[in-house]
Each structure stands twice: as C-alpha cells, then as structure tokens.
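# Sharing a model prediction with you, sequence too.
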Amino acid sequence: MTFGEKVTELKLHEALCYRICYFLLENEFDACAAAEHALLALYRDEAFWRASPDSRPELAKRAATSEALRRKSQMYASFAGA
C-alpha cells in the first residue's frame, strides 16, 4: 500500500479517533494531540494494514482509547506531582 493510500484510509478513521479522544479527555487540545498520536500509531501498525477493512474501525477505536487514557494518566500524574 502506498503512502497516499494509507493516508486516505486513515482519514476514514480520523473523526472516530477524535470523537473518542474528546469524550475521554474533555478538551480539544489534548483530544487533537491524542487522535494524532493514535493515527500515527495505526500508520506504523502492520496488523492494522493486514486486517480486513471491516475490522479497522475497531482497531482505530482501541488505538484512540489507549492513547487518550495514556494522556489522561499523564495529566493526573502531573497534577499529583504539583
């Protein structure tokens, strides 16, 4: 799959990733950053590209949830350390 084809496929999952991240993080700045990181992780994930197109939205949900929760954990850790 070419770079352009991968980008086109990832754009199909961009809004879903952002919505999940925004729901979990409750602010636009962190949601955008988390969604971007999730999409970059998917770009590098060979399992995502080998998966059937029907199963890719579920993989995108998992990546977005994982990244948002990782970011939220870091946010709480920085508040606790302050």
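Yep, that arrived. Numbering: from 1, shown residues only.

# mind listing the strands in this protein by residue range?
With DSSP state E, there are no strands along the chain.

# any idea how far the longest helix that the chain contains is from the chain center?
When every helix of the chain is counted residue by residue (DSSP state H), the longest turns out to be helix 56-81. Here helix 56-81 is found 9 Å from its chain centre; the criterion is Cα atoms, centre = their mean, to the nearest Å.

# Where does the prediction get shaky in the protein?
Along the chain, segments meeting pLDDT under 70 span 81-82.

# Look up how far His13 lies from Phe48.
According to Cβ to Cβ, to the nearest Å, Phe48 stands 9 Å off from His13. Backbone N, C-alpha and C define where each C-beta goes, glycine included.

# what is in contact with these two at once?
42, 56, 60 (Cβ atoms under 8 Å, 6 or more residues apart in numbering).

# Leu25 touches Arg70, doesn't it?
No. Leu25 lies out of contact with Arg70 (Cβ atoms under 8 Å); the separation is 10.7 Å.

# Give the residues shared as contacts by the two.
Jointly contacting Leu25 and Arg70 under the rule Cβ under 8 Å, 6+ apart are Ala34.

# Mind checking which of these two has more residues around it?
Leu25 (21 against 13; other Cβ atoms under 10 Å).

# how about the more buried one, what does it touch?
For Leu25, the contacting residues are 31, 34, 68, 71-72, 75, by Cβ under 8 Å, 6+ apart.

# just Ala64 next, same as before
Residues near Ala64 by Cβ under 8 Å, 6+ apart: 16-18, 20-21, 34-35, 38.

# again, but for Met1
Neighbouring residues of Met1 by Cβ under 8 Å, 6+ apart: 9, 49.

# coming back round to it: let's see if you can find the most crowded of the shared contacts of Phe48 and His13.
Neighbour counts for the shared contacts of Phe48 and His13 (other Cβ under 10 Å) peak at Ala60, which has 24 neighbours.

# wait, that residue sits on Tyr18?
No. Taking contacts as Cβ under 8 Å, Ala60 lies outside contact range of Tyr18: 10.6 Å.

# Tell me who's in contact with Arg44.
Here Arg44 is in contact with no residue (Cβ under 8 Å, 6+ apart).
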